[in-house]
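Participant: need coordinates for the below:
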Amino acid sequence: MKISDSIKKPAGPGLEKTGTEKSGTDKSTAKVQTEAKVAGNVTLSSMSAKLQSLESKIAADKVFDTEKVDAIKSAIAGGQFKVDSEKVADGLIATVRDLLTTKKT
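Facilitator: Model prediction:
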C-alpha cells in the first residue's frame, strides 16, 4: 500500500480554487479592483473580516502530523509496523456503539 502526500491543505468551500480559476483574471474582478482603486475608499463588512480571519487560521492549521506520517511510512517500508488487532477491534466496536446510540436519540 502506498501512502502519498496528496493532501497539502484543508479542503472546504471557498478555500481552494481549481487550476482553471487560478489562471487568468476574471474581467469582472479586474473591473471591481480598478473601480476600488479609483474610488479610494473601500469598506469591508464585519462578516468579511471574520471570514478573512477564519481563512488565515485554517491555512495555518496542519491537516495531519507530517512527522508521524513519515515515521509510519518508514516503519511500513522496513516491515516494523505492527497492527494491534485487539485495539482495532475495540475501536471499531466503540464506534459502532456510538453510531447506534446516536441514531436512537
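Participant: use CA for all of it now, contacts and neighbours both
Facilitator: Will do.
Participant: how is this structure carved up into domains?
Facilitator: Domain assignment for the chain by automatic domain parsing gives 10-63, 65-105.
Participant: and the helices in this protein?
Facilitator: 19-22, 27-39, 46-60, 66-77, 85-104 (DSSP state H).
Participant: for the chain, give me the ranges with low pLDDT.
Facilitator: Residues of the chain that meet the criterion pLDDT under 70 lie in 1-40, 104-105.
Participant: go again using 80 as the cut-off
Facilitator: 1-44, 60-63, 103-105 (pLDDT under 80).
Participant: what's the spacing between residue 80 and residue 88?
Facilitator: 18 Å (Cα to Cα, to the nearest Å).
Participant: make that residue 51, sorry
Facilitator: Using Cα to Cα, we find residue 51 at a distance of 39 Å from residue 88.
Participant: please list all residues in contact with residue 75.
Facilitator: Residues touching residue 75, when contacts are defined by Cα atoms under 8 Å, 6 or more residues apart in numbering, comprise residue 81.
Participant: kindly recompute the last result at 10 Å.
Facilitator: Residue 75 is in contact with 69, 81-82, counting by Cα atoms under 10 Å, 6 or more residues apart in numbering.
Participant: out of these, which are buried?
Facilitator: Buried members of those, scored by 16 or more other Cα atoms under 10 Å: none.
Participant: so how far is residue 43 from residue 49?
Facilitator: Separation of residue 49 from residue 43 (Cα to Cα) stands at 10 Å.
Participant: ignore the last one, residue 75
Facilitator: From residue 75 over to residue 43 the distance is 53 Å, taken as Cα to Cα.
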